[in-house]
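K.L.:
Please find the sequence and the predicted model below.
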Amino acid sequence: MTLKDDLWYPSDCCLIDGEWRAPIGGARIDLVDPSDGGHLCQVARGTDGDIDTAVKAAQSALDGEWGRMTAVDRGRVLTRIGQLVLERTEELARIETRDVGKPLTQARNDVIALARYMEFYGGAADKVHGETIPFQDGYTVYTLREPHGVTGHIVPWNYPMQIIGRSVGAALAMGNAAVLKPAEEACLTALAFAAIALEAGLPRGALNVVPGLGEEAGAALTAHPGVHHISFTGSVNTGSLVQTAAARNVIPVTLELGGKSPQLVFNDADIDRALPFLVNAGIQNAGQTCSASSRILVQRGVFDEVRDRMAEKYRALRVGPAMSDMDVGPLVSSRQKDIVNGFLSRANDLKIAGQARLPDDLPQAGAYVAPTLLAPVDADHALAQQEIFGPVQVIIPFDDEEDAVRIANGTEFGLVASVWSADGGRQMRLAKRLHAGQVFLNNYGAAGGVELPFGGVGKSGHGREKGFEALYGFSTVKTVAAWHG
Ligand code: NDP
């Protein structure tokens, strides 16, 4: 089955105001299959004119049917989208697998997560409300929770469906109208999602999708004066550009910028339970995960055991084309492969504790990197400080709790952290002391948890997505003070 068999919508168009439209400039971008370097299809190269039309369509939706819809009905539409997403699980998974090189099982999990976001935010749409506030005699005061208006969503290529689910889902639940700029390397499922949303009854203009280059369509979206909120997931550098553009228009931003997330393994940890989490959190999606755990901090008493057992797992990892559904597929592009290999070329002074083998028959033009475990690594080494965004983990030894906290908090990031220990007091102490937006105790990632607020501190960004917190972020509070004597 070819990609064309799965594309039931015009994938080289933008979706604006409920219509499939060729980009105004007429230009297209060629997509490459990262598994073998072959040509996949073309997508629209939207520019500022398309963004402008999309923002205006979103505003019209707010002034029209979408803006008048009750919260209950918005919730019903979102829930229906979730159902239709699930019905198309296999098509969506195959599209994503070919587009970004994600092994099929992992792509299926992304589809299920997208559906789950729609169910969650569909159910939550009518459950966020204002308050009445006791005030001076003669007044009745209450608050209204209102949408920002037009929300801009800039989504990266690593988890397109999950990130669309958590940001667009929450924004629509609160009654915003969205303009989505997916990554140029990963816009096929964004367009598929929008097609499904229309089919589910989402009014025209409530969700508009403009594929294109970051510096063209993305920059135009962040600078547009008709946008009232921006949510961005991606690199620190681009996030900083997005925040600067938002500052010019004085609008709020949510930034999720990745990390260098640690797992802390103490001498008293249940290592049998920890092991799969330690490795999977580094190699899932070939390490291209904002909340990947790229630093494993291990207390000296169990250092050799953890290193050796992780190394054994690395050697057993199967790497192959994404459609063959191995443990690890290619990276998203040869550009990303070059970035990761650039990091590895700076690891000549480090010991490889374990490495997966790249099979001899892998397509030459595929973007493959052998999953690599480095140990021991000094906490200040570049590979222990910077986000690599590939299947590379470092193991850093530590002496005691104090030392572990110092190392764990010793990067500019703070997205996720976990503690593996049987000591309940230590778990509670570290949950407070670790700089991170999420702390896991004797687990990692909580299976993605759409209900769990997610976001970073420091250079990992600010604002929270997922759970009810996202609904607060995608809305604003109006206070009404009525004097009646
Ligand atoms: P970027 O941050 O540049 O891209 C993320 C999104 O921003 C994409 O949709 C991109 O569009 C868009 N974008 C790019 N430039 C602009 C701009 N000037 N204004 C508005 N939007 C823009 O990440 P890269 O894809 O370049 O990846 C580089 C590194 O970023 C990775 O190695 C990784 O370290 C990190 N990263 C982190 C992610 C996370 O989940 N936190 C996700 C992706 C990357 P387009 O791709 O079409 O140019």
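P.N.:
That came through, no problem.
K.L.:
near the ligand, which residues of the chain show up?
P.N.:
154-156, 158, 181, 183-185, 213-215, 218-219, 222, 233-235, 238, 241-242, 256-258, 290, 339, 387, 389 (C-beta under 6 Å from any ligand atom). Where C-beta positions appear, they are placed from N, C-alpha and C, glycine not excepted.
K.L.:
Drop anything exposed from the residues you listed.
P.N.:
154-156, 158, 181, 183-185, 213-214, 218-219, 222, 233-234, 238, 241-242, 256-258, 290, 339, 387, 389 (16 or more other C-beta atoms under 10 Å).
K.L.:
From those residues, which land in helices?
P.N.:
Counted as lying in helices by DSSP state H, out of those, are 219, 222, 238, 241-242, 339.
K.L.:
what's near enough to touch the residue in the stretch 301-450 of the chain that the ligand sits nearest to?
P.N.:
Here the stretch 301-450 of the chain gets closest to the ligand at one residue, Phe389, 3.7 Å apart by C-beta to the nearest ligand atom. Contact analysis of Phe389 by C-beta atoms under 8 Å, 6 or more residues apart in numbering lists 158, 258, 287-288, 292, 336, 339-340.
K.L.:
Just want the most central residue of this structure.
P.N.:
Ile163 (4.2 Å; C-alpha atoms, centre = their mean).
K.L.:
what phi and what psi does the backbone show at that residue?
P.N.:
Here is the backbone geometry of Ile163 (degrees, to the nearest 10): phi -70, psi -30.
K.L.:
Assess the claim that it and Gly169 are in contact.
P.N.:
No: Ile163 is not in contact with Gly169 according to C-beta atoms under 8 Å; the separation is 10.1 Å.
K.L.:
out of the buried ones among the residues of the chain next to the ligand, which are inside strands?
P.N.:
Under the assignment DSSP state E, those contribute 154, 181, 233, 256 to strands.
K.L.:
Columns pLDDT and distance to Ser60 on top of those, output as CSV?
P.N.:
Converted to CSV, these look like this (pLDDT from 0 to 100; distance: C-beta to C-beta, whole Å):
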residue, pLDDT, distance to Ser60
Ile154, 98, 22
Lys181, 98, 19
Thr233, 98, 27
Glu256, 98, 29
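K.L.:
In the residues you listed, find the pair that's most separated.
P.N.:
For these, the maximum inter-member distance is 15.2 Å, found between Lys181 and Glu256 (C-beta to C-beta).
K.L.:
tell me how far the helix or strand where Gly169 lies is from the chain's mean position?
P.N.:
Using DSSP states H and E, the element containing Gly169 is helix 160-173. Taking the mean of its C-alpha atoms, helix 160-173 sits 10 Å from the chain's own mean (C-alpha atoms, centre = their mean, to the nearest Å).
K.L.:
Tell me if Ser231 really is in a strand.
P.N.:
Yes: counting by DSSP: H, G, I helix; E, B strand; the rest coil, Ser231 is part of a strand.
K.L.:
Show the contacting residues for it.
P.N.:
Here Ser231 is in contact with 151-154, 167, 171, 253-254, 256, 463, 465, 473-474 (C-beta under 8 Å, 6+ apart).
K.L.:
looking only at pLDDT, what's the mean for stretch 384-401?
P.N.:
Stretch 384-401 shows a mean pLDDT of 98 in the predicted model.
K.L.:
Could you list the alpha-carbon positions for it in CSV?
P.N.:
Output of stretch 384-401 as CSV, limited to C-alpha atoms (Å, rounded to 0.1, in the frame of the first residue of the first chain):
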residue,chain,number,x,y,z
ALA,A,384,25.1,15.9,29.4
GLN,A,385,24.0,19.5,29.1
GLN,A,386,22.5,20.1,25.7
GLU,A,387,19.4,18.6,24.1
ILE,A,388,20.6,16.1,21.5
PHE,A,389,17.1,15.0,20.2
GLY,A,390,18.3,11.6,19.0
PRO,A,391,18.7,8.1,20.5
VAL,A,392,21.6,8.9,22.8
GLN,A,393,21.6,8.7,26.6
VAL,A,394,24.4,9.4,29.1
ILE,A,395,24.8,7.9,32.5
ILE,A,396,26.2,10.1,35.3
PRO,A,397,27.3,8.7,38.7
PHE,A,398,26.4,10.5,41.9
ASP,A,399,27.3,10.1,45.6
ASP,A,400,24.2,11.0,47.6
GLU,A,401,20.9,12.8,47.6
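K.L.:
Off-centre distance for that stretch?
P.N.:
Computed by C-alpha atoms, centre = their mean, the chain-centroid distance of stretch 384-401 equals 21 Å.
K.L.:
And this structure, what are its domain boundaries?
P.N.:
As given by automatic domain parsing, the domain ranges for the chain are 4-257+462-479, 262-449.
K.L.:
quick one, strands of the stretch 251-400 of the chain?
P.N.:
Listed in chain order, the strands of the stretch 251-400 of the chain (DSSP state E, counting those that start in this stretch) span 253-256, 262-265, 295-299, 352-355, 372-374, 392-398.
K.L.:
number of nearby residues for the closest residue to the ligand within the stretch 1-150 of the chain?
P.N.:
Closest residue of the stretch 1-150 of the chain to the ligand, C-beta to the nearest ligand atom: Ile29 (8.5 Å). Neighbour count of Ile29, defined by other C-beta atoms under 10 Å: 19.
K.L.:
Could you confirm it falls within a strand?
P.N.:
Yes: under three-state DSSP, Ile29 falls within a strand.
K.L.:
Could I get the strands of the stretch 251-400 of the chain in CSV, plus columns for distance to Leu86?
P.N.:
As requested, these are exported to CSV (distance: least, C-beta to C-beta, whole Å):
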stretch, distance to Leu86
strand 253-256, 25
strand 262-265, 32
strand 295-299, 35
strand 352-355, 37
strand 372-374, 36
strand 392-398, 33
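K.L.:
The helix or strand hosting Val405 - contacts with which helices or strands?
P.N.:
Secondary structure from DSSP H and E places Val405 in helix 401-408. Packing partners of helix 401-408 (3 or more C-beta pairs under 8 Å, 6 or more residues apart in numbering; DSSP states H and E): strand 262-265, strand 295-299, strand 392-398, helix 424-433.
K.L.:
Please tabulate the ones you listed in a markdown table, including the columns mean neighbour count.
P.N.:
Converted to a markdown table, the helices and strands packed on helix 401-408 look like this (neighbours: other C-beta atoms under 10 Å):
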| stretch | mean neighbour count |
| --- | --- |
| strand 262-265 | 27 |
| strand 295-299 | 26 |
| strand 392-398 | 24 |
| helix 424-433 | 13 |
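K.L.:
got a list of what the closest residue to Gln162 other than its chain neighbours touches?
P.N.:
Among residues not flanking Gln162 along the chain, Ala113 sits closest, at 4.8 Å (C-beta to C-beta, 6 or more residues apart in numbering). By C-beta under 8 Å, 6+ apart, the contact set of Ala113 is 161-162, 165, 448, 450.
K.L.:
Thanks again, I'm all set now.
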